[in-house]
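>>> Give the three-dimensional model of this entry:
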Amino acid sequence: MSELAFAKSFLSSLDSRPIKLRADHVFDPEQVGLRLPYTLPRLQPPHPTMPKKTQQVQAPGASKSITIKVKSARNPALEFSLPNAPILTTTVQDIKDAVRERVSDAHGNPVALEKIKILYRRKPVPGTGKTVAEMLADEPEVLAGGKEVEFGTMIIGGAKAIDAVEPPSEVVEEQDIPKPAVGPSGAEILKTDAFWTDLQGFLEQRLKDSEEAKRLAVLFKSAWSST
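So this is what the prediction gives:
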């Protein structure tokens, strides 16, 4: 038999056999021979559990505080300080309230809170609920307490500073004679629009909600008018 005929017969015999093994094919261990055992890779040791972070509770009076200096260079020229302000609880709203107590508009009425802007490093601080600790998050040396931090303020539309009134002394001298009140009093004051505007401003300061303060002021005025 020639080599060419042998090659053809060998290839024809291979064609009759399946190319792939069937799914249920089983090897005979005795015929196949001994195989090397397959060992699974070692498992990585489990990571240790992280310790739970416990929030340290400060004792009463242990809250760190700073001195807040509020300054406005123009319209109005205003400068005052808030000593011993807790950095964790003092918010932008508290600083706005302090500014609002010291200024008034051209008609002597309280300035709306929306017009008062608080600046830190010459940039407006958004919102009203942000605390001093959040504003000074990048200054750990200030967060340690005992420092003085300066904030700027700006009032849209302008305002005028209210002259500071010295608190009355606890000891009243005998020669001091009380001066009679000047201007309207009693029911005459209730008839003025300034009284109801001041009442609405007081409610806004306490409630921190302009819409609710306006509703209550209208309700009080209507109740008084009905009487």
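>>> show me where pLDDT drops low in this structure?
1, 18-21, 29, 31-38, 47, 51-63, 163-186 (pLDDT under 70).
>>> nearest residue to the spatially most central residue of it other than its sequence neighbours?
Geometric centre of the chain, nearest residue: Lys130, 3.6 Å, by C-alpha atoms, centre = their mean. Nearest-residue entry for Lys130: Val92, 5.2 Å, with adjacent residues in sequence omitted and distances by C-beta to C-beta, 6 or more residues apart in numbering. All C-beta spots, glycine's among them, are computed from the backbone N, C-alpha and C.
>>> thinking that neighbour is in contact with Gly129, fair?
Yes - contact criterion C-beta atoms under 8 Å: Val92 and Gly129 qualify, at 7.1 Å.
>>> who's more crowded, those two?
Comparing Val92 with Gly129 by other C-beta atoms under 10 Å, the one with more neighbours is Val92, at 22 against 9.
>>> what sits against the more buried one?
Applying C-beta atoms under 8 Å, 6 or more residues apart in numbering to Val92 gives the contacts 118, 125, 127-130, 135.
>>> hang on, Arg17 is in a strand, isn't it?
No - counting by DSSP: H, G, I helix; E, B strand; the rest coil, Arg17 is located in no strand; its state is coil.
>>> domains of the protein?
The chain is divided into the following domains under the TED database: 65-161, 190-226.
>>> chain center to the last one: distance?
Computed by C-alpha atoms, centre = their mean, to the nearest Å, the separation of domain 190-226 from the middle of its chain amounts to 29 Å.
>>> what's the answer for the first one, then?
A distance of 15 Å separates the C-alpha centroid of domain 65-161 from that of its chain, computed with C-alpha atoms, centre = their mean.
>>> buried sites along stretch 73-80?
Residues of stretch 73-80 classed as buried: 76, 78, 80 (neighbour count, 16 or more other C-beta atoms under 10 Å).
>>> That stretch: end-to-end distance?
12 Å (C-alpha to C-alpha, to the nearest Å).
>>> How about residues contacting that stretch?
69-72, 98-99, 102-103, 152-153, 155, 158-161.
>>> what comes up buried for stretch 77-91?
Neighbour-count burial for stretch 77-91 [16+ other C-beta under 10 Å]: 78, 80, 82, 85, 87, 90-91.
>>> separation between the closest residue to Ser72 other than its chain neighbours and Glu204?
Distances taken as C-beta to C-beta, 6+ apart place Leu78 nearest to Ser72, at 4.2 Å, with adjacent residues excluded. Distance of Leu78 to Glu204, given as C-beta to C-beta, to the nearest Å: 20 Å.
>>> same thing with Glu211?
Distance, Glu211 to Glu204, using C-beta to C-beta: 9 Å.
>>> out of these two, which sits in the busier spot?
Ranked by neighbour count (other C-beta under 10 Å), Glu211 and Glu204 place Glu204 first, with 22 against 9.
>>> can you pull the contacts of that one?
Contacts of Glu204 by C-beta under 8 Å, 6+ apart are 110, 112-113, 210, 213.
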